[in-house]
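Asker: for reference, the sequence and a predicted model appear below.
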Amino acid sequence: MKKIAFSGTLDPITNGHMWVIQEARAIADEVVILISENSLKTPQFSPEKRKIMIEQSVAAQGWSDVSVMMIKGDYTARAAKKQGIDYLIRGIRTTADFDYENLIQQANVDVVQGAKTLFVMPPRDLGSVSSSFVRSLQGPVGWHWNVKQFLPGPAYLFWIRDWLRKDWDALWQLGQADDADPELAAKADHWFNHLVGAYGSAARHYHNLDHLVHGLTEISAWAANTNAPQAAVDALKKAFWFHDAVYDVGGKSTSNEEDSAQLWLAAQLDLHDAEGPAMLIRATDRVRGDAISHPLRQAMQSVDLAILGQGEHIYDNYARAIRTEYAALDEQRYRQGRMQLLAGFLQKAQAGQLYADPYFADLYTQTALENLSREIAGLNS
């Protein structure tokens, strides 16, 4: 077969979709992905964004025989026929899927004189993966770790960057008023790209975009559960966006926290309260942070340490990522330094002082105790 098409809303593209595309490549010389529009659906991503997401995911696989087209104002099957494509391919996960797709197939052929459909059944581990299922996971703390397992890497990165952009724009109230300050908008755009570039660096294995998403969602959850005022939420988010903007594991920087605070001040994004977020950034310094006098210090420090109280799988991934960030250290030096840090955390956790903010203390202390004890035991073995 020369050409076959795979169509769908693909909002977003999932590992299940990628499997179907791979099956299509096995039976045709060329695969065309058709991004269809459905008036009954309200996609999260625009067609243009979905096209980019799909193209990046396909390119990462090295699939030069796969192309992407957007279909607007036409039936997908008829559009495929116009492109010289006689067959579509669709994945069938359940009998309900088959009943629905069979009706669509009949309409495609008998009503709109379009391409016929071939059906394939994905393996069991992909049988429940759908775009709507993945989208439903978005929002609560940890959502990004949950969706990550169901998406190709480039699609996941595209999604969290898109999410971060919305969070950033909301923080600076961009695009919400016709009289928005164009100078602030330009400045905010510059610093968004700078920060995403810094956290997205290949050298960042833990202090990366995942860490940024995690902290920002923790702040939102804290605010919702404590009825914190919006001004407090904004101050914490401004600080968290910048708190690891400078992260030098090589020791050239005397204080990553101070350098990050200075970067925030140099950005001049908040002329009304520049020093407040700078103080909160400095509060994340493990040595000098407790000396910072700011009403939100305890919340900021707790957000930064929230990773210690996550589930075992998430924590173990975090511990491995930290080791990778310090790959330049030999095993003995790393273990000594890591053990010293963890022992301090464990001592605080045992005293009920790891999380100074009551909300985080109730939520994460017990799990942090278990995680810290487990990692220390592993380092000792």
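Answerer: Cool, the structure landed.
Asker: lowest-confidence helix or strand of the chain?
Answerer: For the chain, scoring each helix and strand by mean pLDDT, DSSP states H and E identifies helix 95-110 as the least confident one, at a mean of 86.
Asker: which elements pack onto that one?
Answerer: Based on contacts counted as 3 or more CB pairs under 8 Å, 6 or more residues apart in numbering; DSSP states H and E, the elements that helix 95-110 packs against are helix 76-82, strand 87-91, strand 116-120. (Glycine included, C-beta is placed from N, CA and C.)
Asker: I'd like the ones you listed as TSV, with mean pLDDT, mean neighbour count and distance to residue 370 appended.
Answerer: As requested, the helices and strands packed on helix 95-110 are exported to TSV (pLDDT from 0 to 100; neighbours: other CB atoms under 10 Å; distance: least, CB to CB, whole Å):
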stretch	mean pLDDT	mean neighbour count	distance to residue 370
helix 76-82	93	21	51
strand 87-91	94	21	40
strand 116-120	94	16	43
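Asker: which stretches of the stretch 251-381 of the chain have low pLDDT?
Answerer: Of all residues in the stretch 251-381 of the chain, those with pLDDT under 70 make up the ranges 251-253.
Asker: buried residues in the host helix or strand of residue 186?
Answerer: Residue 186 is part of helix 182-199, with elements assigned from DSSP states H and E. The neighbour-count check on helix 182-199 (16 or more other CB atoms under 10 Å) flags 184, 188, 191, 192, 195, 196, 198, 199 as buried.
Asker: and the residue nearest to residue 127 when sequence neighbours are not counted, how many neighbours?
Answerer: Once its chain neighbours are removed from consideration, residue 127 has its nearest residue in residue 93; the separation is 4.9 Å (CB to CB, 6 or more residues apart in numbering). By other CB atoms under 10 Å, 16 other residues sit near residue 93.
Asker: what of residue 52?
Answerer: Neighbour number of residue 52 under other CB under 10 Å is 16.
Asker: would you confirm that it contacts residue 158?
Answerer: Yes. At 6.8 Å, residue 52 and residue 158 qualify as touching, with contact defined as CB atoms under 8 Å.
Asker: contacting residues for residue 206?
Answerer: Contact analysis of residue 206 by CB atoms under 8 Å, 6 or more residues apart in numbering lists 307, 318, 321, 322, 324, 325.
Asker: check residue 355 too.
Answerer: So, once contact is read as CB under 8 Å, 6+ apart, residue 355 ends up touching 301, 302, 305, 309, 361, 363, 364, 365, 368.
Asker: look up how far residue 309 lies from the last one.
Answerer: Applying CB to CB, to the nearest Å, the value for residue 368 to residue 309 is 4 Å.
Asker: same deal with the first one?
Answerer: Separation of residue 301 from residue 309 (CB to CB): 13 Å.
Asker: count of residues packed around the nearest residue to residue 123 once chain neighbours are set aside?
Answerer: Residue nearest to residue 123 in three dimensions, not counting chain neighbours: residue 19, with 7.3 Å by CB to CB, 6+ apart. Burial measure for residue 19: 17 neighbouring residues, criterion other CB under 10 Å.
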